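Participant: Make a model of this:
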Amino acid sequence: MHFMQPLVSILIPAYNSQEWLADTLESAIAQTWPRKEIIVVDDGSRDHTAEVARRFTSKEVAVVTTKNQGAAAARNHAMRLSQGDYIQWLDADDLLAPEKVERQIAALRELFCLRRGLSSIIEPNAPGSFQPLCGKTFLPRNGSGTNSTKIYTCKRLPG
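Facilitator: Residues are numbered from 1 along each chain as shown. Sure, this is the predicted structure:
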């Protein structure tokens, strides 16, 4: 029996990030995990962030520009656009090690196989919203050696 690999959405909110965004996108594209979509939401940048992002537009990289509403609105917009089974947040000035997503998916699978409980996050069940099923950090640091990152398993609620 053949099972399709889950799709991972790498979501990148960006504001005035022209200086770092190309490196960030290259690290996302270089992920060894084969099924991924990368969504950049340019939050009304005043520099050339959108132009830098558009150079990477492809089958797996989408770029959206919105009026400036702040980081939370950009993240929410990216989440609404995502189709992934898993979400990987990536700030526009951060990098991922090439095997970060693949290793994290493997860790998730191992935990599920061991039937260990995962921490639940309670979210409002508004129609059309997402309900995180887990939000545990399995790898302590991202590839750039900065803050820990989380990957979430989500399901889209009806509506």
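Participant: Neighbours of the residue nearest to residue 74 when sequence neighbours are not counted, how many?
Facilitator: Nearest residue to residue 74 in three dimensions, chain neighbours excluded: residue 13, at 3.6 Å (CB to CB, 6 or more residues apart in numbering). Every residue, glycine included, has its C-beta placed from N, CA and C. Counted with other CB atoms under 10 Å, residues neighbouring residue 13 total 25.
Participant: again, but for residue 37
Facilitator: Residue 37 has 18 nearby residues by other CB under 10 Å.
Participant: Sort out which residues of stretch 102-116 are buried, please.
Facilitator: For stretch 102-116, burial by neighbour count (16 or more other CB atoms under 10 Å) applies to 104, 105, 108.
Participant: can I get those in CSV with distance to residue 36 and pLDDT?
Facilitator: CSV is the format used below for the buried residues of stretch 102-116 (distance: CB to CB, whole Å; pLDDT from 0 to 100):
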residue, distance to residue 36, pLDDT
104, 12, 92
105, 11, 91
108, 15, 84
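Participant: In helices, which of these appear?
Facilitator: 104, 105, 108 (DSSP state H).
Participant: Report the contact partners of the second one.
Facilitator: Shown in contact with residue 105 (CB atoms under 8 Å, 6 or more residues apart in numbering): 6, 8, 33, 86, 151.
Participant: ok, the fourth one touching residue 8?
Facilitator: Same thing as residue 86. Yes: between residue 86 and residue 8 there is a contact under CB atoms under 8 Å: 4.6 Å.
Participant: gap between the two ends of stretch 81-97?
Facilitator: End-to-end distance of stretch 81-97 (CA to CA, to the nearest Å): 24 Å.
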